[in-house]
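*Asks:* fold the stuff below for me.
(one chain, ligands or ions: 1)
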Amino acid sequence: MHWAGVSLRFQEHEFKMKTTNGAIDGANVIDWPISLQELTPYYEKAELKMGVTGKTTGMPHLPHNNDFKVLAEGARRIGYSKIEAGPMAINSVDRDERPACQQIGFCMQGCKIGAKWSTLYTELPRAVATGNCEIRTDCMVLQIEHDATGKVVGVVYADKDGKTQRQKARVVCVAGNSIESPRLLLNSASSKYPDGLANSSGQVGRNYMTHMTAGVYGVMPGEVNMHRGTAVAGIVSDEAHNDTARGFAGGYTLEKLSLGLPFLSAFLDPGPAGWGRKVSGALEKYKYMSGVWICGEDLPQEINRIQLHATEKDQYGLPVPVVYKTDHPNDTNMRNHAYRVMASIYGAVGSKEIYNLPAYPASHNMGTNRMSEKASEGVVNKWGQTHDIKNLFVSDGSQFASSGAENPTLTIVALAIRQAEYLATQLGKGEL
Ligand code: SF4
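*Replies:* Residues are numbered from 1 along each chain as shown. Below you'll find the predicted structure:
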């Protein structure tokens, strides 16, 4: 619901960060146990399902809005060429019983007309209509239970009235993403699994990644009105490749992002100095501003992790998660490189006033139950099946072994489709 719709595929090297760059000091880099080639058919299935503009669906990319025209022109003037208004999971023509985008804007609030893909009005109602799916809303899983052999047998959850219920299951798939999924595995600790479920490697909750991020907003000589049209109207990918000569491993994309006034005012100059004449003066130039969000490879580090709070509990009596995240020097080098590039791009189209926004405190959540070939280096195998318990799966972005320079949703969906096929086969064979 609350996403922009950017649907980029990962690049080949991003599945093989260890092979591509070797070990990196202070980082816990591994290769994914799958390749781009293996995932490509599932990227195609995901693109067809979600309605992603571009080659697979044949849907044209969306039109360039004013804001993207500014970025694209600046990028061209400094010699960049990978400038595209997509791929986006937003209908550019009527498709799949949903209308084409009307460029209403503020897509992150949820698309007002259903042009942008959202499971709320696509997959979920269709799944319920099959009669094979039931959605129990406002529930909270408290614990995953297992039998004496260690296989999981179901979950205990609090229902919408706060009553404890037990649901038996042949297979449990956890899909709470990078904070709630490891939290649930850790909260499900038992005498057989004292460190939490699927945690024999000690990697549950570790290697939390959010992308290397920053924002750059330039004041242009003429009106831009960045709030008009899709929130992310296009992407520049000339720096998305891997080239360590730039001083960092991995790459980054420059994604046009029209921030609303509340977010922009909070982030123009965060901290105690971030108010008064300087900030209000900048905000008065809002309609002249153009801006990007920088989305770059964030290296996995063991210290970046989700842990359970020692004393503080939520309304269900469960320990709350403690989230720790810090930059690796690779992030700092990459961010500074991106600031320089954006100064050139916006300078090339006449901006004399440029604001570098720092890393956002949260963005995409990835890692914490990562995929690995070796059980000792991660939590799940290449199917998202936990190394320790064969009928326990992770089905979300916490599986990611690297973050890539791309927004994660398309890869999450591709992995989910692939995992669903595997589950169906395994269940059919009686293996689970
Ligand atoms: S611009 Fe409007 S119509 Fe288009 S995807 Fe965003 S919210 Fe939907």
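
*Asks:* how close does the residue of the chain most remote from its centre get to residue 184?
*Replies:* The centre of the chain is farthest from one residue, residue 148, which by Cα atoms, centre = their mean lies 36.3 Å away. For residue 148, the distance to residue 184 (Cβ to Cβ, to the nearest Å) stands at 21 Å. Any C-beta I mention is one placed from the backbone N, CA and C, and that applies to glycine too.

*Asks:* cool, residue 56 as well?
*Replies:* For residue 56, the distance to residue 184 equals 34 Å [Cβ to Cβ].

*Asks:* now residue 418
*Replies:* The gap separating residue 418 from residue 184 is 22 Å, by Cβ to Cβ.

*Asks:* which one's more surrounded, residue 56 and residue 184?
*Replies:* With neighbours defined as other Cβ atoms under 10 Å, residue 56 and residue 184 compare such that residue 184 has more, 23 against 17.

*Asks:* ramachandran angles for that one?
*Replies:* phi -70, psi -40 (degrees, to the nearest 10).

*Asks:* show me how far stretch 132-139 is from its chain's centre.
*Replies:* Centre-to-centre, stretch 132-139 and its host chain are 24 Å apart (Cα atoms, centre = their mean, to the nearest Å).

*Asks:* picking up where we left off before, how about the residue farthest from the centre of the chain: what's its closest non-neighbour residue?
*Replies:* Nearest residue to residue 148 in three dimensions, chain neighbours excluded: residue 192, at 7.9 Å (Cβ to Cβ, 6 or more residues apart in numbering).

*Asks:* how about residue 314?
*Replies:* Leaving aside its chain neighbours, residue 314 sits nearest to residue 320 (5.4 Å; criterion: Cβ to Cβ, 6+ apart).

*Asks:* the helix or strand hosting the one you found: what's the following helix or strand?
*Replies:* Taking DSSP states H and E as the definition, residue 320 sits inside strand 319-324. Remark: after strand 319-324, the chain's next helix or strand is helix 329-348, criterion DSSP H and E.

*Asks:* next SSE after that following helix?
*Replies:* Next in line after helix 329-348, if elements are assigned by DSSP H and E, sits strand 353-357.

*Asks:* buried set for that next one?
*Replies:* Across strand 353-357, burial judged by 16 or more other Cβ atoms under 10 Å covers 354-357.

*Asks:* just the helices in the stretch 151-300 of the chain please.
*Replies:* Secondary structure of the stretch 151-300 of the chain (DSSP state H, counting those that start in this stretch): helices located at 177-187, 261-267, 277-283.

*Asks:* ok, the nearest residue to residue 158 once chain neighbours are set aside to residue 171 distance?
*Replies:* Of all residues not flanking residue 158 in the chain, residue 140 sits nearest, at 4.9 Å (Cβ to Cβ, 6+ apart). Distance of residue 140 to residue 171, given as Cβ to Cβ: 20 Å.

*Asks:* okay, stretch 378-390 in CSV with CA atoms only?
*Replies:* Only the C-alpha atoms of stretch 378-390 are listed here, as CSV (Å, rounded to 0.1, in the frame of the first residue of the first chain):
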residue,chain,number,x,y,z
GLY,A,378,22.5,-17.7,7.4
VAL,A,379,19.0,-18.7,8.4
VAL,A,380,17.3,-20.1,5.3
ASN,A,381,18.3,-22.0,2.1
LYS,A,382,17.6,-21.0,-1.4
TRP,A,383,13.9,-21.8,-1.1
GLY,A,384,13.5,-19.6,2.0
GLN,A,385,13.3,-22.8,4.0
THR,A,386,15.0,-22.6,7.3
HIS,A,387,18.2,-24.6,7.5
ASP,A,388,17.2,-26.0,10.9
ILE,A,389,13.5,-26.8,10.6
LYS,A,390,12.3,-28.1,7.3
